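Chemist: Below are the sequence and a predicted model; questions follow.
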Amino acid sequence: MYDDSVLSLRRLAVAGLAAVVGWGCSSETPRDTTQVRVGLRFDYPTPNELIAPPTLAYAAINNQLFLSLMEEQGDFRAGPPAWAASLAEGWEFSDDRLQLTVRLSPDAKWSDGRPVTAEDVRFTWLAQTDASIAWSYAQYKGAIVDVEVIDSHTARFHFNADLPTALADVSTGTILPRHAWEPRPFGEWRSDPGWFFEHLVTNGPFRLESRTAGRELVLGRNPNHLEPELPRLERVILRAVPDSTALTNQLLAGELDFAYGITAADANRIDGRPGLRLTAYSNRQYTFVVWNTRKQWFEDAATRRALALAIDRQAIVDTIWHGYAEVGSSPIISGVWAHDPELEPWPHDPAAARTALAEAGWIDNDGDGILERGGVPFRFELATYIGASARWDAVQMIQADLSAVGVDAQPRRVDANALNSRLQEQDFDAAASGFAIDTSLDFRPLFHSEEVGGLNWAAYANPELDRLIDSFANRPDPLAGRDDLHRLQRILHDDQPILVLWESMSLAAFDEELESVAPNALSPLVNLKEWAWRESGWRPPPSSS
Amino acid sequence: MGLARVRLAAAAVLFLIVLTLTFAAVTLAPGDPLAPTDPRIPPEQAERLRALYGLDQPLPAQYLRWLGAVALSWDWGQSYQTGRPAADLLLESLPPTLLLAGSALLAQYVLGIGLGLLAARRPNSWLDLGVRAASLLVYALPTFWVGLMAVLVLGVGLGLAPTGGMTSAAAFELGPLATVLDVLAHLWLPALVLGLSMAGDIARYTRTSLIEFQSTEAGRAARARGLSDTRILLVHGLSHAGPRLVQMAAVSAPLLLSGAIVAEAVFSWPGMGSTTLQAIQARDVPVVLAATAYGAVLVIAASLAADLLLARLDPRIVAE
Amino acid sequence: MARSARAGAWVLAGLALLAAAAPLLAPYDPAQQLDAAESSRRPPLSSLLVVRTLAGEPRLAEDVHVDGDDLVLERRSGVERLPLSVVTNFDERGIAERRRAWLGTDALGRDLLSRLLHGARVSLTIGLLAAALALTAGTVIGSIAATCGRFVDQVLMRTVDGLLCFPHLALVLLLAALYQPGTWLLVVLIGGTGWMGLARLVRAEILRLRQEPFALAAAASGRSPAGVLVRHLLPNATTPLLIDASLRVGGSILVEAALSFLGLGVQPPQASWGSMIADGQGHLTTAWWMATFPGLMVAAAVIGSSLLADGLSDRLAGIRTTANRGARRRSPWAIRTWLGQT
């Protein structure tokens, strides 16, 4: 009797498990070609971008719901960013370039059918610059002194100076719905981010169909979008996937159609998998080691150059990125028009590094294997962020390379907040960090001597570089400043306040039946409205149920 | 119940103390939780946010304001990351965690008692040794490793379970029954993995207790009445071991919550563990504080519930 | 079942021996990344040829052959040619020197076996010291609670009750994230949050033992309460304390591993088993050995300490013959609860 009961229990358990499991993997149902499932790491606590977290993933999603006046184009090879019509169908500068008149497209409508007007444009500017809203990117509106409503579809921006970045400044930030959001005073915007979900009208290709906080957003086609034939998909399901291994797993298991944010370590699980395509593209980011020039080890350029010679960056890139990154030579990365192609990265040459260090006064007098100068051993802390696994690996490889030339770098992981504060206060020795290149190519925040205490973490000060930065910023036509920027890169290359390790790529992967998927540096979802399933070649698999 | 009241009062005092200490730890730690992560955002922005969140005031004033808001209106402040009320974030992630921890508890007891029974039937048989060895092994292997392997083998490799998350895409449009099945399909593997490490203990305890019982007078009496082994163990043996097993459930509540942090990370489960971990990583002070508090409240509630249940089952233990 | 105690002790002693002898046993320098691009993520039992040259670091290759005046190295990324004249260890038999990865290599080409042996030092240190710290703190606080009057007892025990209500992993995680611990601070964090169960145990043991004839006699003979405590009560409570401490060694190693998994474990140049698992978790699908071998080492240490505790508690149950079965076995779960095992 006992055995029987166990057996039947076992049978029951197996049957129950099979039922649950069988249901769980019943993905044999025909593909729904009207929708796509996208996985990425995101947080979308509010549709109001002015009070939202300033992240790339947020912007990628929000730009499906809201449009800017003009749309930045993702190719920076030929010149500074170009701008295409979006909500604005045309614009023109006054002769002194202090006024910009923008004409809105007559087809631009909110999802409730009302037109997008110049009043919306002005309202948006008022909100963007309101102190109590405290928008993260408010500084881009600093040169705009007024937005004038000429008529319902014409607005005029007034600038206080002639800036090369005028169009970028105008089109930073999306246009917000005045009729829906004006009832709420600006002072109360930050106190309840959820309110905006309840008062949501959009002007982008999509509208918000539903959401599960923190997990899932469903975007539906906006029938009032100004390009009536787009989007091609009826809806897009965005799934929040917190880490890249899980992302890859879900893609491989067929739970996602598109995944963004895949690591190099996971890439070869996807590469060559039938039915999936992996794509790598420059994300405008570069990773570097910053040397604190206020510390005795890094005060002279000769020593910093010697360190560059000692570090085998090619091996680091090969080992960590498996070909999905390139050794960098300059903070103006190679895909950008102002990059100096004649600049060769410092080679890996330990022998030359040893000689250079000796010439700079670093000699191992006490025979402990570590160089000294003036009684100070070459031993310092090389910090990076907790959770940054590629940088962490790189830091450990740098430690090994440097120890081969008698330099003791001690890797340390620091919490991101703490490290950023320490970097700004020059309370560090050396650190591995990364930046996305600002396409305005304004290097003032990073290297100008007046920015020490800000992002000039190295505390680097070079009068010639300061002059170059100022002179480039004052040119109305950035293209004419190419020589300034080449000279600037040469100086940074010789002085090495930072050692550029690599220019990285973003990896995305998707079902190869999806067509027109073209993520770029601006956003992984940049042309989401054009995505569609290839109708031909797709046949529903035989259904079992 | 007098004891329970004393405990509750003591817990409330400690709750306050630990929250105060946590407040001190997170606010005094090096680094600035509002420092912008995007280098293009100027430092003045952080100043503005600091003023908005009241962080420009002296620390004692911040503390009193925070404590006042919590005590008077259970207002834990707004998340620095998302601007949403911290209490909302916790409340949203509470049900998934309760579901996961509850199912893990269930899995732990079903497996543990089942295996314990099997082992106790023939002490020192191969089956017994196997159960004991297995229970030791599942305890000794780090849960996250077991979880990662389970995802890879059962999820990605064999397709027996979804690889993560709590629901399928666009699950909101499923019918009620389909929703339940969908959640179950996502739940069983993480619950099993989380429950497994403790199932070993339950199995060991059940086994020891049952073997002990068989040598007691009650056990011999039951046998003398001609009851079958199975019946003796299932009915009498388990009621002998019952109170202790209930107590184990209470004690394992904080353990389950700690385990949930790891299990949720492995299985992308959208619960309190994930929320807490993200908040800690992003130094989202209001959410960290709220998460600490909610975790503690859960544990206190669990242990009170167990105390009450225990008082019914076996008054002697409460008196102890 | 003293057998299991002995087995557990042997396992732990074996691990300790491996840790102590790590520099002798480890085939390579645990931090060495020789030609990392070639040597990274090599599976267990694989080996690579070491081609030494006149200048610079040696190059590694899967295979080599001679082509004219060049030595052709077959590498993962393709072939590479070196003039024979610069190769120093090539003779008629070819290249004799091999770098063997018995347990494979990690993502930076470091030898996993060597790292495991050296990592044993860090992990066992953390496990033993954290256990010792918890044992000390628990004994002191438990003794105070049991001997210093009802009020002190109430305050301390209610504190213990309260502290047990907080999910410890969350607290340890928070502190680790805020203050970036090294090995020593980790010991303090893990040990310092693990004494509560022990304090309770010590208090209960002392209260029980105080009623025993030998303790009553000692008290009657005019010994001071502290003297009775130290000379008579605590020595008789050693076995249950050892059981707890033994379990806690394994538990502390597990906590350190969990901290590492969440990115907050030890800092290099040290590697612990936990940090090795964490390093390997991103590569589980492509290089299973990186996380699996350190995972098994953790399991071995935990099993060792559990077996030891089991054996000890069986012995304890055998010693206690009085009707007072207060020596109710403390199952491992009760202790792990305080550790927040994961």
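Modeler: Okay, I see it.

Chemist: What does the pLDDT read for the residue lying closest to C:Asp279 once chain neighbours are set aside?
Modeler: Once flanking residues are discounted, C:Asp279 sits nearest to C:Asp106: 6.2 Å by C-beta to C-beta, 6 or more residues apart in numbering or on different chains. Glycine gets a C-beta too; all of them are placed from N, C-alpha and C. In this model, C:Asp106 is scored at 89, pLDDT.

Chemist: Can you pull the domain assignment for chain C?
Modeler: Here the domain parsing of chain C from automatic domain parsing is C:46-101, C:112-341.

Chemist: which one of these has the lowest average pLDDT?
Modeler: Between these, the one with the least mean pLDDT is domain C:112-341; it has a mean of 78.

Chemist: pLDDT at the closest residue to chain C within the stretch 401-545 of chain A, what is it?
Modeler: Residue of the stretch 401-545 of chain A nearest chain C, by C-beta to the nearest C-beta: A:Pro411 (5.1 Å). On pLDDT, A:Pro411 comes in at 88.

Chemist: What's the local residue count around it?
Modeler: Using other C-beta atoms under 10 Å in any protein chain shown, A:Pro411 has 19 neighbouring residues.

Chemist: Secondary structure element holding the residue sitting nearest the centre point of chain C?
Modeler: Most central in chain C under C-alpha atoms, centre = their mean is C:Ser123, positioned 3.2 Å from the mean C-alpha point. Following DSSP states H and E, one finds C:Ser123 within helix C:112-147.

Chemist: what packs against that helix?
Modeler: Packing partners of helix C:112-147 (3 or more C-beta pairs under 8 Å, 6 or more residues apart in numbering or on different chains; DSSP states H and E): helix C:2-20, helix C:22-25, helix C:150-163, helix C:183-192, helix C:196-209, helix C:238-261, helix C:273-281, helix C:289-319.

Chemist: Next, format those as TSV and append mean neighbour count.
Modeler: Shown next, in TSV, are the helices and strands packed on helix C:112-147 (neighbours: other C-beta atoms under 10 Å in any protein chain shown):
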stretch	mean neighbour count
helix C:2-20	16
helix C:22-25	13
helix C:150-163	16
helix C:183-192	20
helix C:196-209	22
helix C:238-261	26
helix C:273-281	27
helix C:289-319	22
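
Chemist: which one of those lies closest to A:Leu230?
Modeler: For these, proximity to A:Leu230 was assessed by C-beta to C-beta; helix C:273-281 is nearest, at 41.1 Å.

Chemist: returning to that earlier point: there's contact between the residue nearest to the centre of chain C and C:Ala271 in this structure, I believe.
Modeler: No - C:Ser123 is beyond contact range of C:Ala271, at 9.2 Å (criterion: C-beta atoms under 8 Å).

Chemist: care to break chain A down by domain?
Modeler: Here the domain parsing of chain A from automatic domain parsing is A:25-66+A:204-271+A:513-545, A:68-189, A:284-504.

Chemist: Make JSON lines from the ones you listed and add distance to C:Asp314 to it.
Modeler: As requested, these are exported to JSON lines (distance: least, C-beta to C-beta, whole Å):
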{"stretch": "domain A:25-66+A:204-271+A:513-545", "distance to C:Asp314": "42"}
{"stretch": "domain A:68-189", "distance to C:Asp314": "63"}
{"stretch": "domain A:284-504", "distance to C:Asp314": "43"}
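
Chemist: Let me see the ranges of the strands in the stretch 251-400 of chain A.
Modeler: Under the criterion DSSP state E, counting those that start in this stretch, strands of the stretch 251-400 of chain A are mapped to A:258-260, A:276-291, A:325-327, A:372-373, A:376-377, A:379-385.

Chemist: Let me know which of these is tucked in deepest.
Modeler: Mean neighbours per residue, mean count of other C-beta atoms under 10 Å in any protein chain shown, is largest over those for strand A:258-260, with a mean of 27.

Chemist: In this structure the residue nearest to C:Asp279 contacts C:Arg115, no?
Modeler: Yes - contact criterion C-beta under 8 Å: C:Asp106 and C:Arg115 qualify, at 6.9 Å.
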